[in-house]
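# give the three-dimensional model of this entry:
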Amino acid sequence: MESSETPDDLSVLAWMHEAIGGELLAYLLGCEPAALPLFISGEKALSERQAATVNEFSGLRVQLSRQFGEAPSREALAAVLTQAGDEGISVARSVRLHVVGPENLPQGDDEVESALVSLALDAFPAFLLPPDSDPLPMAHLFTPTAVSMMLFRHPRAQEFSEAALRDPVLKKAFSAMNEATGHVALIYRNTGNGGGLQLSMLPSLLLNWAWVSLKGAEVNQASLAEMALQGLRLIRDALAGKACEINAHVAFTGVLLPEGIELQVGRGRGLVRSITDADRQHAPESLKGKLTTTDSTGKETLINYDGDVLLEYKLPYRLKLVSPMEGAPVDWPSDLLVPGELQETATRLRFSLMLAVDRENRAQLVQTWTHFDEPLMGGMSWNDPRLGSGIVPMQLTQAEVVSWQEWYDMMAELPVAKVDLAVTRVLRA
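Below you'll find the predicted structure:
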């Protein structure tokens, strides 16, 4: 059923669009973001339920403006939408349910998972709010303020913690109690990271990891919940000693791959491909920058210091609990070192490229940053490729990539490990 809106409706829509952004407004109205300009201009009529929703916000706009003034009312609107109502779900989610009706959404397999799903569904609209105008460097490592505030006061957050303390695996991990922070665990990982973790912060970590992991893909409330569940299950399995895997990402600069061309490495465990914009979110701001060169024909080749080629590699994932009473170990546990196969593969990729490409300038694949895709927000390391390497940007041909794959495969089959020191020294030279 269609309904025509009044000029005030259109004014409220424009106000909401400015205050909370197009993504969240489209979520509330159950429409595509591309439809919003048509609604705001009046070219397309709102449905009856959409018009009723906008009318409700018209009254809220008046109340907020009287209490806070026009500018603060916009900030207050975001706070209203992300707070949990009497039924334990956020106002934003309640609005969407009124407009679109019940939806087919994920269900958890137990009470811990069910609580996490509820939190994910309510956190999703908070993630849709426009980012801070002056975001922190590496902002993806930190849960957005609106999401953190929503989770802090959400009733299902307490239910999640209580359910976790009844879970056979999680209750063992978070057995220690701190008067200031609640139940805590001391967890070390074979990604070279570890430390204390508050149980109350676990949902926030899982949801932010899920959101970051889905960047570049089609993100909706269902996919966010599913990804968060994957993270929770991975952590529980790893804590229980089960065999687990995560993806490690090693970025390189120096060369460009032909469009759509990939290499298979590490006996099927690794893939070399071009870096995407979603991958670049893991690169430190300090590595942002470009380098260009022009050949004798006038053709320009431009590379990024934060990488243009990515090695995506599946690694075994292990966690180790340490008693908070004992404190952090003096020496890093020998069984939690980053698997050597990752750096071995990166080194052989670099060396085999030099053997494969026959040009006046030597082809250089320079390692720039490494990231581990783990739900506990794995740390990262990086090297500035501008220091100590005379890179000449190079666009590889398809034939050169084929040769690169052949040389890499030969190095993987031969006992190259016996001369790894020599290979490393050549690369450094």
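# residue contacts, Asp109?
Remark: with contacts taken as C-beta atoms under 8 Å, 6 or more residues apart in numbering, Asp109 is in contact with nothing. Any C-beta I mention is one placed from the backbone N, CA and C, and that applies to glycine too.
# and it, which of the three is it?
Three-state call for Asp109 (DSSP: H, G, I helix; E, B strand; the rest coil): coil.
# could you do Gly231 as well?
Judged by three-state DSSP, the three-state class of Gly231 is helix.
# find me the pLDDT at it, would you?
Looking at Gly231, its pLDDT stands at 97.
# you'd agree it is up against Ala210?
Yes: with contact defined as C-beta atoms under 8 Å, Gly231 and Ala210 form a contacting pair (6.1 Å).
# which one of the two is surrounded by more residues?
Legend: neighbour count by other C-beta atoms under 10 Å for Gly231 and Ala210, higher for Ala210 (26 against 22).
# residue ranges with poor pLDDT in this protein?
Residues of the chain that meet the criterion pLDDT under 70 lie in 1-10, 69-74, 86, 132-141, 216, 325-330, 378, 388-389, 414-429.
# show me what the top helix by length along it is packed up against.
Across the chain, the longest stretch assigned as helix under DSSP state H is helix 7-29. Packed against helix 7-29 by the contact rule (3 or more C-beta pairs under 8 Å, 6 or more residues apart in numbering; DSSP states H and E) you find helix 36-41, helix 48-68, helix 70-82, helix 91-100, helix 111-127.
# dump those helices to TSV, plus mean neighbour count and distance to Ala163.
Listed next are these as TSV, based on neighbours: other C-beta atoms under 10 Å; distance: least, C-beta to C-beta, whole Å:
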stretch	mean neighbour count	distance to Ala163
helix 36-41	17	39
helix 48-68	16	33
helix 70-82	17	23
helix 91-100	19	21
helix 111-127	24	4
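# tabulate these (JSON lines), appending distance to Met354.
Formatted as JSON lines, those follow (distance: least, C-beta to C-beta, whole Å):
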{"stretch": "helix 36-41", "distance to Met354": "52"}
{"stretch": "helix 48-68", "distance to Met354": "61"}
{"stretch": "helix 70-82", "distance to Met354": "53"}
{"stretch": "helix 91-100", "distance to Met354": "54"}
{"stretch": "helix 111-127", "distance to Met354": "44"}
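# out of those helices, nearest to Gly268?
Of all those, helix 111-127 sits nearest to Gly268, with 31.3 Å by C-beta to C-beta.
# chain center to that closest one, what's the gap?
Centre-to-centre, helix 111-127 and its host chain are 17 Å apart (C-alpha atoms, centre = their mean, to the nearest Å).
# in the helix or strand that that helix is followed by, what counts as buried?
For helix 111-127, the succeeding helix or strand toward the C-terminus, using DSSP states H and E, is helix 145-153. Within helix 145-153, the residues scored as buried using 16 or more other C-beta atoms under 10 Å are 146-151.
# again, but for stretch 273-284
Neighbour counts using 16+ other C-beta under 10 Å place 274-275, 279-280, 282-283 of stretch 273-284 among the buried residues.
# show me the residues you listed that map onto helices.
Going by DSSP H, the helices hold 279-280 from the buried residues of stretch 273-284.
# export the buried residues of stretch 273-284 to a markdown table and tack on distance to Leu214?
As requested, the buried residues of stretch 273-284 are exported to a markdown table (distance: C-beta to C-beta, whole Å):
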| residue | distance to Leu214 |
| --- | --- |
| Ser274 | 20 |
| Ile275 | 17 |
| Asp279 | 13 |
| Arg280 | 15 |
| His282 | 14 |
| Ala283 | 18 |
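# what residues does the longest helix of the chain touch?
By C-beta under 8 Å, 6+ apart, helix 7-29 touches 5, 32-33, 35-36, 39-42, 46, 50-51, 53-55, 57-58, 61, 73-75, 77-78, 81, 92, 95-96, 99, 124-125, 128-130.
# which one of the helices and strands packed on helix 7-29 lies nearest to Thr345?
Evaluated over the helices and strands packed on helix 7-29, closeness to Thr345 peaks at helix 111-127, with 34.2 Å, by C-beta to C-beta.
# what's Tyr188 in contact with, if anything?
If you count contacts by C-beta under 8 Å, 6+ apart, then Tyr188 has 194-195, 319-320, 322, 329, 332-333, 336 around it.
# quick check: phi and psi at the nearest residue to it once chain neighbours are set aside.
With sequence-adjacent residues excluded and distances taken as C-beta to C-beta, 6 or more residues apart in numbering, Tyr188 is closest to Gly194, at 3.1 Å. Main-chain torsions, Gly194, degrees, to the nearest 10: phi 170, psi 170.
# which residue ranges form the helices in the stretch 301-429 of the chain?
Ranges of helices within the stretch 301-429 of the chain are 340-356, 398-413, 420-428, based on DSSP state H, counting those that start in this stretch.
# return the most buried member of the ones you listed.
helix 340-356 (a mean of 19; mean count of other C-beta atoms under 10 Å).
# show me what that helix is in contact with.
For helix 340-356, contacts defined as C-beta under 8 Å, 6+ apart pick out 248, 250, 252, 255, 263, 265-266, 269-270, 272, 311, 313, 315, 362-367, 370, 400, 403-404, 406-408, 410-412, 416-417, 420, 423-424, 426-427.
# hmm, 7 Å instead?
With C-beta atoms under 7 Å, 6 or more residues apart in numbering as the contact definition, helix 340-356 has outside contacts at 248, 250, 265-266, 270, 272, 311, 313, 315, 362-363, 365, 367, 400, 403-404, 407-408, 411-412, 416, 423-424, 426-427.
# same check, this time on stretch 193-211
By C-beta under 7 Å, 6+ apart, stretch 193-211 touches 116, 119-120, 123, 127, 143, 147-148, 151, 157, 160-161, 164, 174, 181-188, 224, 227-228, 231-232, 375-379.
# how long is that stretch end to end?
This stretch, stretch 193-211, spans 21 Å end to end (C-alpha to C-alpha, to the nearest Å).
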